[in-house]
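K.L.:
requesting a structural model of the entry that follows:
(4 chains)
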There are 2 protein chains.
Amino acid sequence: MATIRGKPREDVPVQARGTARFDIILDAAEQVFGTGYAGASMREIAERAGVAQALIHYHFDTKEKLFEAVIARRASEINGQRAQMLDALFAGDDAPRLEEVIEALFRPTIAVDHDNANSFSRILVSAANSAEERDQLLVQRYYDPIALKFIDAFMALTPGLARMNAVWAYMFAIGVGMTMMATTGRPLRLSGGECDDRDVEAMLARIVPFICAGVRALADGDPHIGPRNDH
Amino acid sequence: MATIRGKPREDVPVQARGTARFDIILDAAEQVFGTGYAGASMREIAERAGVAQALIHYHFDTKEKLFEAVIARRASEINGQRAQMLDALFAGDDAPRLEEVIEALFRPTIAVDHDNANSFSRILVSAANSAEERDQLLVQRYYDPIALKFIDAFMALTPGLARMNAVWAYMFAIGVGMTMMATTGRPLRLSGGECDDRDVEAMLARIVPFICAGVRALADGDPHIGPRNDH
DNA sequence: GTCTATAGTTCGATAGAC
DNA sequence: GTCTATCGAACTATAGAC
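P.N.:
Residues are numbered from 1 along each chain as shown, chains lettered A, B, ... in the order given. Below you'll find the predicted structure:
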């Protein structure tokens, strides 16, 4: 495939040479979109993929549709795993612990078996916090359904947790998870080298108890304060 | 000032007409940068400010320096308030509650008395989660110092909270705060209309107990689980 | 399906008059 | 200090050959 062209493309990874251009483009787009939608250029994606820019438009039409394709591919994979883990937890005879549910929420996001995991995480963090209609529509389409499942799980496992507070708790939990997905290197700076946000295990070990305690604190009858009685 | 020009500029807000162009440009830039750095254009900023595009370069030189000027203006205001509130809390005879410290962390961010508050919040959320060197440098310069103060406060008020876990807790707390500053409208969707992320009081009433419980869960000897014994 | 070439816009920044 | 006018580069998308 690469042999019919004038100059060989050494820039294309070896394992990708035999696959369809379609997927090569998606991989390249994932990397480039990781620096932001507006800042990404079709030219750079084409260069990184080692294809002509026009080919991207042939396969994906517009930049916006390419962006959605990048998200759709990973989201279905990740959220499929999430739903599967969540169902498995509730399949047993007795109820799971909230800690296990939080694990099911974050493990699939970080454990995807590709080297672009970090790029996709950044795309997601950006989209989740965006005010752009394009981003909000994608979050709604690909992430709202699984969010509702986790909100139900929060309520099922936390006595006295009203739906309203379960929704807030889910939003807060996702916010905490962003910290892990953004991998800005800031924890390293603030801790003088002790906290590494590339060490997902060390982070998860703190995130899980942090969120679980937070969720339980929003349940009725929790010893701690806060005027939360308007539900 | 507007009278010496050929056509009067009705698009400029009344209260801004008498002020210097310098501040008008900063306000316009804040609004436009709220949709992202790369996506923002100097042309749109100039239009919104009602000035010539060249004037922006005269005052701020480059787009990048204008962006920093926007952040610097608000950051000094907000973080000054934060430091003041934090010092006041620890000035008394007995130690404050952790809840009060969390309030001091978020109140100044949302209570700034200008109508661009939402735009600046979005700029901040984007910068805090960015992998771009430009953004990380700004966070480091304008937000790391105050972060260290709050991390110290977390430790002082939470027996058994190691520095490492205090840093993680601070990162998680900021992550939760992002939920409030992003104002994506997602809580409204997920709750069927009950949870409004534009209602900052309702959010703070949940955020404070959520974070406080999370911070305490990362202290040694907390009844809850998690392999956090590697510090 | 993939390419080259380019049309048509928009961008950041500058030159130079006032 | 503020403007008009414009340069040169980068952008998305398309036309058309193979």
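K.L.:
and A:A83, how far from A:L218?
P.N.:
From A:A83 over to A:L218 the distance is 24 Å, taken as C-beta to C-beta, to the nearest Å. Using the backbone N, CA and C atoms, a C-beta is placed for each residue, glycine as well.
K.L.:
more neighbours, the two?
P.N.:
Neighbours of A:A83 and A:L218, each counted by other C-beta atoms under 10 Å in any protein chain shown, are more numerous for A:L218; the result is 28 against 16.
K.L.:
pretty sure the more buried one sits against B:F210.
P.N.:
Yes - counting by C-beta atoms under 8 Å, B:F210 is a contact partner of A:L218 at 6.1 Å.
K.L.:
residues shared between the contacts of these two?
P.N.:
Both A:L218 and B:F210 are contacted by A:168-169, under the criterion C-beta atoms under 8 Å, 6 or more residues apart in numbering or on different chains.
K.L.:
which parts of stretch A:61-69 are buried?
P.N.:
By neighbour count, with 16 or more other C-beta atoms under 10 Å in any protein chain shown as the criterion, the buried positions of stretch A:61-69 are A:63, A:66-69.
K.L.:
oh sorry, the question was meant for stretch A:192-203
P.N.:
Buried, per 16+ other C-beta under 10 Å, within stretch A:192-203: A:194-195, A:197, A:200, A:202-203.
K.L.:
which residues does that stretch contact?
P.N.:
With C-beta under 8 Å, 6+ apart, stretch A:192-203 has contacts from A:110, A:179-180, A:182-188, B:163-164, B:167-168, B:171, B:230-231.
K.L.:
are any of those buried, and which?
P.N.:
Buried members of these, scored by 16+ other C-beta under 10 Å, are A:110, A:179-180, A:182-184, A:186-187, B:163-164, B:167-168, B:171.
K.L.:
can you add secondary structure and distance to B:D87 and give these back as a markdown table?
P.N.:
A markdown table is the format used below for those (DSSP: H, G, I helix; E, B strand; the rest coil; distance: C-beta to C-beta, whole Å):
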| residue | secondary structure | distance to B:D87 |
| --- | --- | --- |
| A:I110 | helix | 39 |
| A:T179 | helix | 27 |
| A:M180 | helix | 32 |
| A:A182 | helix | 30 |
| A:T183 | coil | 33 |
| A:T184 | coil | 28 |
| A:R186 | helix | 24 |
| A:P187 | helix | 25 |
| B:R163 | helix | 21 |
| B:M164 | helix | 25 |
| B:V167 | helix | 21 |
| B:W168 | helix | 24 |
| B:M171 | helix | 23 |
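K.L.:
so which of the residues you listed comes closest to B:E132?
P.N.:
Proximity to B:E132 was ranked across the buried ones among the contacts of stretch A:192-203 by C-beta to C-beta; first place goes to A:T184, at 9.7 Å.
K.L.:
nearest residue to that closest one other than its sequence neighbours?
P.N.:
Counting by C-beta to C-beta, 6 or more residues apart in numbering or on different chains, the nearest residue to A:T184 once its immediate chain neighbours are dropped is B:Q136, at 6.0 Å.
K.L.:
does any part of the strand or helix carrying the one you found sit near DNA strand C?
P.N.:
Under DSSP states H and E, the secondary-structure element containing B:Q136 is helix B:133-157. No - for a cut-off given as C-beta under 7 Å from any atom of the strand, helix B:133-157 has no contacts with DNA strand C; the smallest distance is 12.0 Å.
K.L.:
could you do stretch A:21-36 as well?
P.N.:
Yes - counting by C-beta under 7 Å from any atom of the strand, DNA strand C is contacted by stretch A:21-36 at A:21-22.
K.L.:
and chain B, is the longest helix anywhere in chain A touching that?
P.N.:
Across chain A, the longest stretch assigned as helix under DSSP state H is helix A:63-91. No - applying C-beta under 8 Å from any C-beta of the partner chain, one finds that helix A:63-91 is not in contact with chain B, the shortest distance being 12.4 Å.
K.L.:
average pLDDT across that helix?
P.N.:
Across helix A:63-91, the average pLDDT comes to 97.
K.L.:
what residues sit buried inside it?
P.N.:
By neighbour count, with 16+ other C-beta under 10 Å as the criterion, the buried positions of helix A:63-91 are A:63, A:66-71, A:73-75, A:78-79, A:81-83, A:85-86, A:89.
K.L.:
same thing with stretch A:27-38?
P.N.:
Buried residues in stretch A:27-38, counting neighbours by 16+ other C-beta under 10 Å, are found at A:27-37.
K.L.:
re the thing from before, contacting residues for the residue nearest to A:T184?
P.N.:
If you count contacts by C-beta under 8 Å, 6+ apart, B:Q136 has them with A:184-186, B:130.
K.L.:
kindly recompute the last result at 10 Å.
P.N.:
B:Q136 is in contact with A:184-186, A:189, B:127-128, B:130, counting by C-beta atoms under 10 Å, 6 or more residues apart in numbering or on different chains.
K.L.:
likewise A:V139?
P.N.:
The contact partners of A:V139, taken as C-beta under 10 Å, 6+ apart, are A:71, A:75, A:124, A:127-130, A:147, B:184, B:186, B:189.
K.L.:
of the residues you listed, just say which sits nearest to B:P96.
P.N.:
Top of the list for closeness to B:P96, among the contacts of A:V139 and by C-beta to C-beta, is A:N129 at 30.5 Å.
K.L.:
look at A:D220 and report its pLDDT.
P.N.:
pLDDT recorded at A:D220 is 88.
K.L.:
could you look up the SS state of the nearest residue to it once chain neighbours are set aside?
P.N.:
Among residues not flanking A:D220 along the chain, A:G160 sits closest, at 3.7 Å (C-beta to C-beta, 6+ apart). Secondary structure for A:G160, judged by DSSP: H, G, I helix; E, B strand; the rest coil, is coil.
K.L.:
tell me how far A:G160 lies from chain B.
P.N.:
Separation of A:G160 from chain B (C-beta to the nearest C-beta, to the nearest Å) stands at 13 Å.
K.L.:
so what's the residue count around A:D135?
P.N.:
When neighbours are defined as other C-beta under 10 Å, A:D135 has 20 of them.
K.L.:
how about the closest residue to it other than its chain neighbours, what does it touch?
P.N.:
Once flanking residues are discounted, A:D135 sits nearest to A:A127: 4.1 Å by C-beta to C-beta, 6+ apart. The neighbourhood of A:A127, defined by C-beta under 10 Å, 6+ apart, consists of A:33, A:37, A:67, A:71, A:134-139, A:142-143, B:184.
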